[in-house]
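> I need the structure of the sequence given here:
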Amino acid sequence: MPKGESYASSVERLNGCPAQLREAPGLALLAILTLALGIGANTALFTVIEGVLLRPLPYTHADRLLFIGPTDKPGFGTTSWLNYRDLRDQSGN
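As a prediction, the model looks like this:
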């Protein structure tokens, strides 16, 4: 099949789409809502990834940031101001 015929048949099928959507408005609404949900989810996901992973931290010397907290538990724990003050005084700074 030559390319011209394939293109022409595709255009004819696209010209018939509005009539089919008018015949089945529920299907048209479902298609529009599905596209909107997909585009919205994609935008939200990209925004989170861009803000968390791709942008550099807004601090000078961000490579020198460190975590202060308990070492006896895995993961991120909390520490009190008094513990921080003790650590600061012991380090000599």
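> Ala24: neighbour count?
Applying the criterion other Cβ atoms under 10 Å, we find 11 residues in the vicinity of Ala24. (Glycine included, C-beta is placed from N, CA and C.)
> how about Ala41?
Under the criterion other Cβ under 10 Å, the count of neighbours that Ala41 has is 10.
> can you list the residues that contact stretch 32-49?
With Cβ atoms under 8 Å, 6 or more residues apart in numbering as the contact definition, stretch 32-49 has no outside contacts at all.
> how near is Tyr84 to Gly69?
Note on Tyr84: its distance to Gly69, by Cβ to Cβ, to the nearest Å, is 9 Å.
> for Pro2, report the pLDDT, please.
Per-residue confidence for Pro2 comes out at a pLDDT of 49.
> chain center to the stretch of helix or strand Arg22 belongs to, what's the gap?
Assigned by DSSP states H and E, Arg22 belongs to helix 3-23. Distance of helix 3-23 from the chain centroid (Cα atoms, centre = their mean, to the nearest Å) equals 35 Å.
> show me how far the helix or strand following that helix is from its chain's centre.
Read in the C-terminal direction, the helix or strand following helix 3-23 is helix 25-49, with elements assigned using DSSP H and E. Averaging C-alpha positions (Cα atoms, centre = their mean) puts helix 25-49 14 Å from its chain's average.
> need the contact partners of the very next helix or strand once past helix 25-49.
Scanning the chain past helix 25-49 towards its C-terminal end, the next helix or strand to appear is helix 81-91 (assignment: DSSP H and E). The contact list for helix 81-91, computed with Cβ under 8 Å, 6+ apart, reads Ile68.
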